[in-house]
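A.B. asks: Sharing a model that was predicted from the sequence below.
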Amino acid sequence: MMWFFWTRLESMLFSKIQLRKADEFDLLMQQIKRLLSFDKAGGWAVLSKGSSITVNGHMTTILPALLEYDLWKEHVPTKGYDQAFKDHHDKIHDMMHPCSRFEFQTTAGRIPESMRCPDCQRLMEKLTTFACCHDDAVPTIYEG
């Protein structure tokens with residue numbers, strides 16, 4: 001079932017891209033991309049209220065937010081559990097700036113047609129990777 005979950009999310013992303021409707025500011029697309037970035041990293045959670053996603057995040061931000069319940073529980077009576085959790089999670093997320101990584105299968109370029117794993121000798125998948133690690137020390141514009 002997990003394979004189907006990830007395949008369906010990837011299909012939703014590709015469909016929007018192919019239809020040229022992949023608006024970078026579309027909240028649903030942002031949530032889909034965020035979840036897809038967790039696929040290879042593992043350890044993620046989604047908190048929703050009905051069909052509305054409150055928070056989706058990697059374990060590096062979700063787990064601390066849950067463990068720090070004593071720091072935000074006073075806001076639950078006024079904001080509700082979902083909003084109080086989201087607010088605290090967003091603070092942790094803003095401090096940690098977790099990396100996002102997307103991998104797509106590819107077939108062209110200067111990459112070899114195939115490559116074997118140095119450990120098990122199986123043929124490896126060929127992927128194109130997009131990665132963002134929010135490192136402010138590294139310049140984001142490169143000149144060639």
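C.D. replies: Arrived safely.
A.B. asks: how about the helix or strand of the chain with the lowest mean pLDDT: buried residues?
C.D. replies: Within the chain, no helix or strand scores below strand 100-105, which has a mean of 74 by mean pLDDT, DSSP states H and E. Buried residues in strand 100-105, counted by 16 or more other C-beta atoms under 10 Å: Ser100, Phe102. (Each C-beta comes from the backbone N, C-alpha and C, glycine too.)
A.B. asks: in its sheet, what does that strand sit against?
C.D. replies: strand 127-132 (antiparallel) (DSSP bridges).
A.B. asks: how about the partner strand as CSV, C-alpha atoms only?
C.D. replies: Only the C-alpha atoms of strand 127-132 are listed here, as CSV (Å, rounded to 0.1, in the frame of the first residue of the first chain):
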residue,chain,number,x,y,z
LEU,A,127,17.7,9.4,-11.3
THR,A,128,17.7,13.1,-11.7
THR,A,129,17.8,14.8,-8.2
PHE,A,130,16.7,18.2,-7.1
ALA,A,131,18.0,19.1,-3.6
CYS,A,132,17.7,22.2,-1.4
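A.B. asks: mind checking how far it is from the chain centre?
C.D. replies: Relative to its chain's centre, strand 127-132 lies at 12 Å (C-alpha atoms, centre = their mean, to the nearest Å).
A.B. asks: What number of residues are in the vicinity of Gln83?
C.D. replies: Counted with other C-beta atoms under 10 Å, the neighbours of Gln83 add up to 15.
A.B. asks: got a list of contacts for the strand or helix carrying it?
C.D. replies: For Gln83, the host element (DSSP states H and E) is helix 81-96. With contacts defined as C-beta atoms under 8 Å, 6 or more residues apart in numbering, helix 81-96 is touched by 47, 49, 54-55, 57, 60-62, 64-66, 68, 71-73, 75-76, 79.
A.B. asks: and the direction of the helix or strand harbouring Phe14 versus that of strand 100-105, what angle?
C.D. replies: Using DSSP H and E, Phe14 falls within helix 2-18. Between helix 2-18 and strand 100-105, the angle comes out at 90 degrees (axes from the mean of the first three to the mean of the last three C-alpha atoms, to 10 degrees).
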